[in-house]
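> I would like the atomic coordinates for the input below:
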Amino acid sequence: MPEVSIQAESLERYLGNAIRELRLRHGLTIAEVAEQVGISRGMLSKIENAQTATSLETIGKLASALGVSLSTLFRNYNMPDGSAQLVKSGEGMEVVRRGTKRGHTYHLLAYDRGSTKQFEPFLITMDDASEVFPTFEHPGTEFIYVLEGKLEYRHGQSTYLLEPGDSLTFAGDIPHGPEKLIELPIRFLAIIYYVNGAIDLESS
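Here you go, the predicted model:
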């Protein structure tokens, strides 16, 4: 029983806040909405302040008076908390990978908090045509999408010409990496998806 009471109180509070927010957004007074619905101003005030429960019929009339459907009125009720991770422009963690000392910058755009990684998204910038780039091998599947510049990218025995808007998807355990930088600067997104856990970046 206590759980039911807590849930009911939570629903009344949510409903009251939602009705008040919609009423204020439309510039309506308590008297104007109460008149349209056919209830007293005191009753509407109590509903908005979660001081009373009301019938579904009245809630339906309130929704109509406020220009929304019942489903819209309740759409944010009991919504789970989000756990999105925002990385603002230029704030990605810079990662140094084996063999890339200059002219080749990795910015990690999401950080796994657990002991294993499911995926890693990088923004990679290359602005030094004289650098000799190593090849990489790692578990999982890699997807790259070119934002700026032009390059030849090697995967195994094949090379691919990549320009803005081009994408390339390949198995990470086959040697791969930039073969020739044609038009600088080059920027591309690289997303590595790991099927069975994490990878040590220092050894990749």
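> hey, let's count contacts and neighbours off CA atoms from now on
OK.
> which phi and psi does the residue lying closest to His26 once chain neighbours are set aside have?
Leaving aside its chain neighbours, His26 sits nearest to Leu66 (7.6 Å; criterion: CA to CA, 6 or more residues apart in numbering). With angles defined as degrees, to the nearest 10, Leu66 sits at phi -90, psi 0.
> my guess is Leu66 contacts Glu21, does it?
No. Using CA atoms under 8 Å, Leu66 is not in contact with Glu21, being 10.0 Å away.
> Quick check: pLDDT value at Tyr113.
In this structure residue 113 is Arg, not Tyr. The score at Arg113 is 61. That number is its pLDDT.
> cool, Thr135 as well?
Reading off the model, Thr135 has pLDDT 85.
> does it really touch Ile174, like I thought?
No. Judged on CA under 8 Å, Thr135 makes no contact with Ile174 at a distance of 9.4 Å.
> who has more neighbours, the two?
Thr135 (17 against 14; other CA atoms under 10 Å).
> thinking again about what came up before, residues contacting the residue nearest to His26?
Ile19, Leu22, Arg23, His26, Val33 (CA atoms under 8 Å, 6 or more residues apart in numbering).
> so where does Leu62 fall, helix or strand?
Using DSSP states H and E, the element containing Leu62 is helix 56-65.
> which regions of this structure sit below the pLDDT cut-off?
For the chain, applying pLDDT under 70 flags the ranges 1-9, 80-83, 85, 93-103, 112-116, 130-132, 196-204.
> the helices in it, which residues?
For the chain, the helices defined by DSSP state H cover 2-25, 30-37, 41-48, 56-65, 70-73.
> so which of these comes closest to Pro121?
helix 70-73 (35.1 Å; CA to CA).
> buried stuff in that closest one?
Leu73 (16 or more other CA atoms under 10 Å).
> ok, residues contacting that helix?
Leu15, Ala18, Ile19, Ile59, Gly60, Ala63.
> Quickly note the distance from the residue nearest to His26 to Ile39.
Distance from Leu66 to Ile39, counting by CA to CA, to the nearest Å: 14 Å.
> Could you point out the longest strand of the protein?
Counting residues, the longest strand found in the chain (DSSP state E) is strand 176-193.
> hmm, who's touching that one?
Here strand 176-193 has contacts from 118-129, 133-137, 140-156, 159, 172, using CA under 8 Å, 6+ apart.
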